[in-house]
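Student: how would this look folded up:
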Amino acid sequence: MEKGYKLTAVPPDVSAVREDFERFLADLENRGIKRVELVFGIGWALDIYPDEWKPESMAVADVRNVVSDAETKGFGKLGSDDLVLTIAELRAERFYCHEGDIHLESEVPSAYTESAKVDWIEQGWTVSERTR
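Tutor: Predicted coordinates:
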């Protein structure tokens, strides 16, 4: 997927990243999306993947537990280490960055990216938008 459109959202405080993660998963479930592709990036990937980083397709319902388990084992932390979730049905990728912000990328703006942007702004996040 070529990613010609990108939103970058900077949270008002550190706890907002975890709250966003929970809202994001609930939104996927409400939309009836059953699966996502998850890959752990810089930080925890060094402990999780023995060789190459492999995206894993999993049920949306399992994402919370997989991330929580990795955090409990001390491999990384949401908002401090990279986590990438690809949502095929929405043709989008949500990237929880090690710098504490979130990137949402897609081919073009969509109803989904617009709803994410509005949600972030309503939650007090600083949002920037880029189109190639």
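
Student: only C-alpha atoms from now on, for both contacts and neighbour counts.
Tutor: Noted.

Student: is it true that residue 76 touches residue 41?
Tutor: No. In this structure residue 76 lies outside contact range of residue 41 using Cα atoms under 8 Å: 9.5 Å.

Student: now the biggest helix by length in the chain: mean pLDDT?
Tutor: In the chain, with assignment by DSSP state H, the single longest helix is helix 15-30. For helix 15-30, the mean pLDDT works out to 96.

Student: and the next helix or strand after that helix, what does it pack onto?
Tutor: Later in the chain than helix 15-30, the nearest helix or strand by DSSP states H and E is strand 35-40. Strand 35-40 is packed against strand 56-59, helix 60-72, strand 83-87, with contacts defined by 3 or more Cα pairs under 8 Å, 6 or more residues apart in numbering; DSSP states H and E.

Student: of all these, which one comes closest to residue 94?
Tutor: strand 83-87 (5.2 Å; Cα to Cα).

Student: helix 60-72 and that closest one, what's the angle between them?
Tutor: On the basis of axes from the mean of the first three to the mean of the last three Cα atoms, to 10 degrees, strand 83-87 is oriented at 170 degrees to helix 60-72.
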